[in-house]
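# predicted model and sequence below, questions to follow.
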Amino acid sequence: MKNKKLLIPIIAVLLLIVIIIVTVILLSGNKYTDAQPTASLNAVLTYEQAEEDLAFMYDAVKKNHPCYLDGSELYKTFDIAYEKAKEKLKGYDIITVRDLWETGAEMYCSLKDGHTLITFYNSKQILESEKLSDGEIISVDGIERAELLSKFRCFFPCEPQVDFYADYMLDEALKLESWNTLLGVDTSDGITIVIGTETGVETLECTFGYPEATLSDDSGTAAEAFYSYEFYDDKSSAVFKLDKCELTDGYKSALESFFKEVNEKGITRVAVDLRENGGGNSMVINEFMKYIDIESYCVFGGNIVRTGENLIENKGYVEKNKKSKYAFSGELYALTSNYTFSSGMDFAVTISDNKIGKVIGEIPGNMPTSYGDKLYFQPPNSKLLCNVSYKKFYRVDRNKDDIPLIPDIESDEKNALDIFLNSD
């Protein structure tokens, strides 16, 4: 009996040690806030430095990505890509940081994992970017969009079933000096961008710099412009717009205010607008669901987590809903676009796969069953930013693992709101 009493605290201590070790492993690379600016793309590296950084990029995936342990054998493709990358480095007379980025990015793209990519940290941006919001880029410094997109697809990974995501993200990438340089654009004296708008073709002369930071007040209002809402009383409809998945006190407060007003006005139709949502913390979904009159739901059908040389499998579980007193029992919709990504996409899938409501808009930019949740690493010499998935998520409806989220009503994302407001 005495030995059993001693055994309990020993087991507790061992469990605590395991938890600490796992936590350290998971967080060791995830230091995005401590990232250092990437070296100039024109900076020259010795072959030894470039080789060291390329090996670092490879190891970041080999030691953290689930594909090495999940039985997919996708790692074989990555290993082959690494050998090709090493040979490519040998072909350069002079190796710049740009050359290394190109080589590493091609290697990472072989995984076709939308969350695992190499990018530039602390890039200058187009200071006139707001002028680009109303049109699609036709050309940059005389280089046609088709040529830019062809190159971009070699450096920016997309899941093959939803590779149209690259088309959308090209316009976002071209707002950054670093990506323009990687795509072969001379940015030394600014760039000339031709855009197509509803009223015609427009030519813009653009410069690069670091936009001034917007200072928020004590309440943080200015910093939390990623959510808003609007009521359409004549249509008994309301829309909560969420442009990124960030769980803040402001978001929680806004949800309560929104659904309180929905309740008071007797609104019968609500939409969550995810068309500009590129992802973040999936817990925003759980917070939102508190205001929906359902007893339970699932966000994921399960996941696997890579921790060192171990792969932890977690089954999907049913969330018992902690309903608010303002829980909504009317019609629920999600509005999506090709840009809707990661946790933004998961939000729409939660509504769809649980049959809580309907989706209007475009197919989102990544697969509901896919790798995700990233660790961040920087090679010692170039300081390029390596994003590496360490989990794989499965959608709630496992019968649809191989297909993207198909909206109930497919439409151009620009028309999704009008369709919601005017549908029966």
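Good, I have the coordinates.
# which stretches in the stretch 251-400 of the chain count as strands?
Along the stretch 251-400 of the chain, counting by DSSP state E, counting those that start in this stretch, strands occupy 269-273, 296-297, 302-307, 310-315, 319-320, 331-336, 358-361, 370-377, 385-394.
# neighbouring strands for the third one, and are they parallel or not?
If I follow you right, that is strand 302-307. Under the criterion DSSP bridges, strand 302-307 sits next to strand 310-315 (antiparallel), strand 385-394 (antiparallel) in its sheet.
# list of residues touching it?
By CB atoms under 8 Å, 6 or more residues apart in numbering, the surrounding residues in contact with strand 302-307 are 22, 25-26, 64-66, 68-70, 311-316, 390-394. Using the backbone N, CA and C atoms, a C-beta is placed for each residue, glycine as well.
# are any of these buried, and which?
Buried members of these, counted by 16 or more other CB atoms under 10 Å: 25-26, 64-66, 68, 70, 390-394.
# what is the burial count for residue 422?
10 (other CB atoms under 10 Å).
# residue contacts, it?
By CB under 8 Å, 6+ apart, residue 422 lies in contact with residue 235.
# just the strands in the stretch 1-150 of the chain please.
Along the stretch 1-150 of the chain, counting by DSSP E, counting those that start in this stretch, strands occupy 44-45, 95-96, 117-119, 125-126, 136-140, 143-144.
# quick revisit: in TSV: the strands of the stretch 251-400 of the chain, plus mean pLDDT.
Converted to TSV, these look like this (pLDDT from 0 to 100):
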stretch	mean pLDDT
strand 269-273	98
strand 296-297	97
strand 302-307	97
strand 310-315	96
strand 319-320	95
strand 331-336	98
strand 358-361	98
strand 370-377	97
strand 385-394	98
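# same list (those strands) but as TSV, adding distance to residue 132.
Output for the strands of the stretch 251-400 of the chain, formatted as TSV (distance: least, CB to CB, whole Å):
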stretch	distance to residue 132
strand 269-273	21
strand 296-297	38
strand 302-307	37
strand 310-315	41
strand 319-320	40
strand 331-336	22
strand 358-361	22
strand 370-377	27
strand 385-394	24
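# of these, which approaches residue 159 most closely?
Closest of the strands of the stretch 251-400 of the chain to residue 159 is strand 370-377, at 6.0 Å (criterion: CB to CB).
# out of the strands of the stretch 1-150 of the chain, nearest to residue 415?
Closest approach to residue 415 among these is made by strand 136-140 (16.3 Å; CB to CB).
# report the buried residues of the closest one.
The neighbour-count check on strand 136-140 (16+ other CB under 10 Å) flags 137, 139-140 as buried.
# same deal with stretch 405-424?
405, 407, 411, 413, 416-417, 419-420.
# what residues does residue 53 make contact with?
Going by CB under 8 Å, 6+ apart, residue 53 touches 45, 100, 104, 379-382, 384.
# at 10 Å what do you get?
Listed by CB atoms under 10 Å, 6 or more residues apart in numbering, the contact partners of residue 53 are 45, 89, 95, 97, 100-101, 103-104, 378-384, 386.
# circling back to that earlier point, can you redo the strands paired with strand 302-307 as TSV with distance to residue 169?
As requested, these are exported to TSV (distance: least, CB to CB, whole Å):
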stretch	distance to residue 169
strand 310-315	30
strand 385-394	14
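# so which of these is nearest residue 242?
With CB to CB as the criterion, residue 242 lies closest to strand 385-394 of the strands paired with strand 302-307, at 19.3 Å.
# which neighbours in the sheet does the helix or strand following that closest one have, and how are they oriented?
Per DSSP states H and E, the first helix or strand lying C-terminal to strand 385-394 is strand 409-410. Partners of strand 409-410 in the sheet, by DSSP bridges, are strand 358-361 (parallel).
# and the contacts of the partner strand?
Residues outside strand 358-361 that contact it (CB under 10 Å, 6+ apart) are 271, 273-275, 331-338, 340, 348-349, 351-352, 405-420, 423.
# shaky segments in the chain?
Within the chain, the stretches with pLDDT under 70 are 1-33, 213-223.
# could I get the full set of helices for the stretch 1-150 of the chain?
Assigned by DSSP state H, counting those that start in this stretch, the helices in the stretch 1-150 of the chain fall at 2-27, 47-62, 74-90, 97-109, 145-155.
# so how far is the fourth one from its chain's centroid?
The chain centre lies 20 Å from the centre of helix 97-109; the measure is CA atoms, centre = their mean, to the nearest Å.
# re earlier: looking at the strands of the stretch 1-150 of the chain, which is nearest to residue 211?
Ranking the strands of the stretch 1-150 of the chain by proximity to residue 211 (CB to CB) places strand 125-126 first, at 6.0 Å.
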